[in-house]
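# Please find the sequence and the predicted model below.
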Amino acid sequence: MTASDIQAQALQLRERLREWNYRYYVLDDPSVPDAEYDQALRELQELEQANPGLVTPDSPTQRVGATPLQAFDQVEHEVPMLSLDNAFNADELQDFERRLLDRLGADPGTVSYSCEPKLDGIAVSLLYRDGMLTRGATRGDGRTGEDITRNVRTIPSIPLRLRGDGYPAVLEVRGEIYMPRAGFERLNQQARETDSKLFVNPRNAAAGSLRQLDSRITAQRNLEMCCYGVGLVEDGELPMQHSAILDLLHQWGLRINPESRVVEGIQACEDYYQYLAARRDELPYDIDGIVYKVDRIDLQRELGFVARAPRWAIARKFPAQEQTTQLLDVEFQVGRTGAITPVARLQPVFVGGVTVSNATLHNSDEIERLGVQVGDTVIVRRAGDVIPQIVSVVTERRPADARPVVFPTRCPVCGSATERAADEAVIRCMGGLVCAAQQKAAIKHFVSRRAMDVDGLGDKLVEQLVDTGLVTNVASLYHLQRSDLLQLPRMGEKSADNLLAALEESKAATLPRFIFALGIREVGEATALSLARHFGSWEKLATASEEQLLEVDDVGPVVADHLRQFFDSAESLSVVHALREAGVHWSDLEVADAQVLPLEGQTWVVTGKLEHMGRSEAKAFLQQLGAKVAGSVSARTHCVLAGPGAGSKLTHARELGIDVIDEDGFLELLSSHGLAT
């Protein structure tokens with residue numbers, strides 16, 4: 001090829017990669033497989049290596065690779081990055097509008113507000129000159145920040161060159177760099193595996209990642225950026241509505257938050273707050289509130305600023321998801337597999353919208369990693385329905401009488417010996433069914449909605465049945481008599497009859513549901529479904545060799561070993577025999593091609609509030625059926641599962657003509673494929 005041919009090929013590859021990058025990271029609508037993107041990037045790298053003169057600062061190959069810095073330079077912001085005033089309740093939000101309307105001489109309901117989720121990340125400034133990214137800086141104190149240009153260049157959702165045309169010669173874009181929850185979990189899992197220090201929360205992880213002197217480390221972290229406004233603008237004009245400016249930034253290749261809205265009046269702002277608060281836990285990133293801004297730029301200018309904050313904007317904060325409190329004691333609970341779990345008893349504290357007095361400590365390794373002692377001041381985190389957990393210790397507040405957490409050498413329930421396998425972090429009671437705690441936990445699992453679904457048999461009643469000796473294992477549930485139940489405190493005749501009817505109804509099971517209900521270690525719903533489909537009948541499953549079990553997609557050596565231990569146990573098989581003698585039954589399944597799942601190759605999106613299950617549970621069911629579950633709707637979405645309160649995703653799906661299914665239809669779909677609902 002001639003030099004001009006090579007230059008044209010490099011230009012074409014760069015444009016193609018920029019477009020693919022924009023569709024993937026900004027629009028959430030990938031247009032090519034990852035392998036094709038990687039191949040094009042490799043071609044460009046090879047061209048540039050062979051022809052160094054072709055390398056440009058905005059080339060996709062130049063995002064990372066420079067030698068580490070010794071320190072960050074200071075950056076003076078041409079336009080200060082101000083902070084925001086906060087509103088913590090509806091009354092304070094009303095006061096904000098009252099002051100605003102008084103200053104403008106306007107009537108209620110006549111001012112439009114841009115409503116944007118307040119991402120829990122790090123505020124940054126990006127400076128573009130003639131469309132080229134020339135500087136990235138932290139907010140710092142609002143006037144002086146740190147130059148993190150090398151690091152922001154590694155973030156795929158930040159364009160090195162703006163798309164299209166029409167942008168000002170100098171454009172400062174402001175936004176929030178954050179770490180999505182999935183990336184945060186992966187980062188901490190890697191830290192656990194290498195015995196490194198864990199990050200407390202996604203914001204802490206994002207901040208630590210951005211302040212790496214070696215940009216190659218930043219590039220390995222899953223960081224994203226959403227824009228929320230502009231600062232310095234020279235030699236160019238922007239629209240006179242804040243929301244229109246954001247739309248224009250999006251056209252130029254920058255990510256904006258798809259949850260943003262423009263509403264009329266402060267009551268609509270409060271309605272948006274309630275709407276987003278209900279959806280907060282399903283978002284793939286942390287938010288700590290909502291930012292409201294007067295949408296019209298001329299009104300913003302008229303309102304001006306006070307001290308370090310604009311009069312035309314305010315942040316409505318959500319209840320805090322982290323708080324400090326004191327660890328009063330540690331107790332130990334025994335689960336159905338004998339796992340002994342430490343539970344922290346805390347000085348009650350209001351966090352995440354509820355009062356928390358207990359938190360999980362997971363296992364002895366976690367206690368050692370945290371370095372926590374009884375009496376410590378600790379930071380507790382609760383996000384939505386997630387079980388509260390201790391994420392760090394405030395060691396400088398440790399009292400003189402603090403004492404280490406000591407794991408029991410005997411089971412706290414039955415007194416049996418405890419044991420820790422060499423390849424596990426969990427300490428277990430070895431008492432088996434002798435242990436009342438394991439009996440209770442096994443029965444609770446067996447009767448749960450996703451297993452045998454015995455309506456009316458809750459945890460407290462299971463405790464009573466075991467404590468009184470009426471039930472010793474799951475099979476004995478089906479031998480309960482009306483007279484037995486009426487002996488129990490607060491058990492009326494109608495309740496007893498209803499429970500017996502529910503037990504009778506539960507006898508008609510499915511093979512996947514029955515396998516899951518048995519509580520075999522490491523065998524969840526997905527694995528139970530795979531086993532049922534692979535073998536078709538209980539008899540073939542129970543007599544399968546370890547090699548045959550390993551042929552199932554979801555089964556590895558550990559799961560195969562647990563299965564064989566169960567099937568080799570005369571006690572376990574006697575319980576199964578007793579269940580079948582009591583009338584528990586199911587139909588065998590046709591053995592289908594194990595590689596083909598009903599929803600294989602389909603992409604689904606779950607939105608809104610489901611009434612019969614959580615969104616995570618719905619996602620797990622879809623994955624069991626072979627579907628990929630995405631966080632946003634695109635042209636590649638096959639179907640949207642929409643519950644009450646579904647918003648922009650449902651609207652977008654209808655605009656694209658994508659199939660939409662409600663929860664009742666989804667339950668029918670699950671039932672038709674033998675899944676527990």
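Here it is on my side, so go on. Numbers count the residues shown, from 1 in each chain.
# C-alpha only now, for contacts and for neighbours.
Will do.
# Ignoring the adjacent residues along the chain, who's closest to Tyr228?
Gly175 (5.0 Å; C-alpha to C-alpha, 6 or more residues apart in numbering).
# tell me which element that neighbour falls in.
Following DSSP states H and E, one finds Gly175 within strand 170-178.
# which residues are contacting that strand?
Residues outside strand 170-178 that contact it (C-alpha atoms under 8 Å, 6 or more residues apart in numbering): 119-131, 202-203, 206, 223-236, 285.
# Show only the entries of these found in strands.
Of the positions in the contacts of strand 170-178, 119, 122-129, 224-234 sit in strands, assigned by DSSP state E.
# Can you flag the buried ones in those?
When the ones in strands among the contacts of strand 170-178 are checked for burial by 16 or more other C-alpha atoms under 10 Å, the buried set is 119, 122-129, 224-233.
# so where does Arg369 fall, helix or strand?
Going by DSSP H and E, Arg369 is in helix 364-370.
# quick one: contacts of the helix or strand just after that helix?
Using DSSP H and E, the helix or strand that directly follows helix 364-370 along the chain is strand 373-374. Identification of contacts with strand 373-374 by C-alpha under 8 Å, 6+ apart yields Leu327, Leu328, Asp329, Val330, Ala402, Arg403, Pro404, Val405.
# could you dump these to CSV with neighbour count and distance to Thr472?
Formatted as CSV, these follow (neighbours: other C-alpha atoms under 10 Å; distance: C-alpha to C-alpha, whole Å):
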residue, neighbour count, distance to Thr472
Leu327, 26, 36
Leu328, 18, 34
Asp329, 18, 31
Val330, 20, 29
Ala402, 14, 41
Arg403, 14, 38
Pro404, 13, 36
Val405, 17, 33
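# Go through those and name the one nearest Gln189.
Of all the contacts of strand 373-374, Val405 has the smallest distance to Gln189: 23.5 Å, by C-alpha to C-alpha.
# Identify the bridge partners of the nearest residue to that closest one once chain neighbours are set aside.
Nearest non-adjacent residue to Val405, counting by C-alpha to C-alpha, 6+ apart: Gln373, 5.8 Å away. Beta bridges link Gln373 to Pro404 when assigned by DSSP bridges.
# Tell me the pLDDT of Gln373.
On pLDDT, Gln373 comes in at 94.
# number of nearby residues for it?
24 (other C-alpha atoms under 10 Å).
# Equivalent analysis for Val629, please.
19.
# what about it, which helix or strand?
Going by DSSP H and E, Val629 is in strand 628-630.
# Remind me what the helix or strand that that strand is followed by packs against, helices and strands.
Later in the chain than strand 628-630, the nearest helix or strand by DSSP H and E is strand 639-642. The contact analysis (3 or more C-alpha pairs under 8 Å, 6 or more residues apart in numbering; DSSP states H and E) places strand 639-642 against strand 603-607, helix 648-656, strand 659-661, helix 663-672.
# just for the stretch 351-500 of the chain, where's the confidence low?
Along the stretch 351-500 of the chain, the parts satisfying pLDDT under 70 run over 352-353, 383-386, 433.
# all strands of it, in order?
With DSSP state E, counting those that start in this stretch applied, the stretch 351-500 of the chain shows strands at 354-360, 373-374, 377-381, 389-393, 403-404, 418-420, 427-429, listed in chain order.
# Make CSV from the ones you listed and add distance to Glu547 to it.
Shown next, in CSV, are the strands of the stretch 351-500 of the chain (distance: least, C-alpha to C-alpha, whole Å):
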stretch, distance to Glu547
strand 354-360, 37
strand 373-374, 46
strand 377-381, 43
strand 389-393, 39
strand 403-404, 45
strand 418-420, 27
strand 427-429, 28
